[in-house]
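turn this into a structure:
(one chain, ligands or ions: 1)
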Amino acid sequence: METSIQQLQQEIDGYEIRNPKELEAFKLEFTVRKGKIAGLFSQLKTVDPADRPRMGQLLNSLKLSAEARVADAEARFAEDTAGAAPALDLSLPGRRSFLGSEHPVQKVLGDMKRIFTAMGFGIATGPELELDEYNFDRLNFPPNHPARDMQDTFFITRGQPEGDVLLRTHTSPVQVRVMLDQKPPIRVICPGKVYRNEAISARSYCVFHQLEGLYIDKNVSFADLKATIYSFARQMFGSDVKLRFRPSFFPFTEPSAEVDVTCYLCGGKGCRVCKKSGWLEIMGCGMVHPNVMKHCGIDPEEWTGYAFGMGVDRTALLRYKIDDIRLFFENDVRMLSQFMA
Ligand code: DAH
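Numbering: from 1, shown residues only. Sure, this is the predicted structure:
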């Protein structure tokens, strides 16, 4: 018996356990219920009772040493897998990455830009911090003329040598910059933010967006303006939209008009949004005033042109059925995340 134990001890000590498979084989050979160690234990009863306690002890330490080898190998393999790669729990839900969303005003502006660029308009931009000279003077607003009061202005500095500095009240000063900068023919749109010192409410805010248009060439007529606006309105608001040109006044155009489209919410029947009139005002427009051309170095005898300016935010409000313009400027993610593509 003693020699069998010694032999088995040697076998166990010499056994190589390099991987989980070999560990499994080791257990099968030695430590399982029908393994070699258990086999020796079952022979214990045949041993001389005088020797039995000693044999029992020897067998026990044999068993313990085999178990120690198993524990050691198991610990080793667990470490290996931990080092190689973290255990991957495929049942866990994936980690979402949050995408930004396009702002509703930018969506509408994007549509407007696409329509006009497809018609051959380039895109021009100008500063939001503007000189009075560009925002008013060169656009034919006479000094101290009441027309300046049509647009409540945020002045930044007054009485500087370069003139008053203000936040532009409309995108029309970009027209001036383009005319000073380029020779006709000119065909541009000027999208951007504008600022007005108005009481803030659900319908008006101190900042909003406009899109300006300017076309200067030989023999440009009001008919060209109408055709362009018609084409734009059909693409923007639907092919059966009707237009209405109402005479109006702007210092920088003559003649001037305001343009209404049939209310695209009620189809012209009259609803709360169009105040039962069936019409929604979308822009101001007209033929560029000869004085404006002169102020910008373009000869009005040689060239003629039209201009238009429209609001962007109201179209976005109506399109997305939002009833408070302030939501456009508060950057509330609960609102913005509803415009995921
Ligand atoms: N600048 C005007 C406004 O903000 C809108 C406008 C009207 C622009 C007529 C134009 C125009 O270019 O021709 O109210």
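
please make it C-alpha for all contacts and neighbour counts, starting now.
Fine.

so which residues on the stretch 101-250 of the chain come close to the ligand?
H170, S172, E212 (Cα under 6 Å from any ligand atom).

was I right about the second one contacting M310?
Going back to what we said before, that points to S172. No. The criterion here is Cα atoms under 8 Å, and S172 misses it with M310 at 10.5 Å.

anything in contact with each of those two?
E212 (Cα atoms under 8 Å, 6 or more residues apart in numbering).

which one's more surrounded, those two?
S172 (26 against 22; other Cα atoms under 10 Å).

tell me how many other residues crowd the closest residue to that one other than its chain neighbours.
Nearest non-adjacent residue to S172, counting by Cα to Cα, 6 or more residues apart in numbering: E212, 6.4 Å away. By other Cα under 10 Å, the residues close to E212 number 27.

for L139, same thing?
A count of neighbours around L139, defined by other Cα under 10 Å, yields 25.

assign R114 to helix, strand or coil.
Recorded secondary structure, R114: helix (DSSP: H, G, I helix; E, B strand; the rest coil).

any stretches of the chain with poor pLDDT?
Applying pLDDT under 70 to the chain flags residues 81-86, 147, 150, 341.

would S91 count as being in a strand?
No. S91 is assigned coil when assessed by three-state DSSP, not a strand.

so Y306 sits in a helix?
No. Counting by three-state DSSP, Y306 is located in no helix; its state is strand.

thought G284 was touching it, still the case?
No. Assessed by Cα under 8 Å, Y306 is found out of contact with G284, at 11.0 Å.

which one of these two has more residues nearby?
Y306 (26 against 23).

list the contacts of the residue lying closest to the more buried one once chain neighbours are set aside.
Leaving aside its sequence neighbours, Y306 sits nearest to M287 (Cα to Cα, 6+ apart; 4.2 Å). Contact analysis of M287 by Cα under 8 Å, 6+ apart lists S221, F222, T253, E254, P255, S256, T304, G305, Y306, A307.

packing partners of the helix or strand containing M335?
M335 belongs to helix 333-336 when assigned by DSSP states H and E. Judged by 3 or more Cα pairs under 8 Å, 6 or more residues apart in numbering; DSSP states H and E, helix 333-336 is in contact with no other helix or strand.

give me the buried positions along that helix.
L336 (16 or more other Cα atoms under 10 Å).

neighbouring contacts of it?
S101, E102, H103, P104, L327.

7 Å instead, please
Residues outside helix 333-336 that contact it (Cα atoms under 7 Å, 6 or more residues apart in numbering) are S101, H103.

mind checking which of the residues of the stretch 101-250 of the chain next to the ligand land in strands?
Per DSSP state E, strands hold the following members of these: E212.

please report phi then psi for the residue nearest to Y306.
phi -90, psi 130 (degrees, to the nearest 10).

wait, is Q210 part of a strand?
Yes. Counting by three-state DSSP, Q210 is part of a strand.

so what's it closest to, chain neighbours aside?
With Cα to Cα, 6+ apart as the criterion, Q210 has its nearest non-adjacent residue at 4.5 Å, and that residue is G311.

please apply the same query to K218.
K218 sits nearest to W303 (Cα to Cα, 6+ apart), 5.0 Å away.

one more: A202?
Nearest non-adjacent residue to A202, counting by Cα to Cα, 6+ apart: D324, 4.3 Å away.

how near is the one you found to K242?
Distance of D324 to K242, given as Cα to Cα, to the nearest Å: 27 Å.

so if I had to pick from those two, which one is more boxed in?
Using other Cα under 10 Å, the more surrounded residue of D324 and K242 is K242, with 18 against 14.

which phi and psi values does the more buried one adopt?
phi -110, psi 150.

do you know how far N60 is from E281?
In terms of Cα to Cα, N60 sits 98 Å off from E281.

please apply the same query to M236.
Between M236 and E281 the computed distance is 14 Å (Cα to Cα).

same question for the one helix or strand F77 maps to: list its buried residues.
Following DSSP H and E, one finds F77 within helix 52-84. Applying a neighbour-count criterion of 16+ other Cα under 10 Å, one finds M55, L58, L59, L62, K63, A66, R69, V70, A73, E74 buried in helix 52-84.
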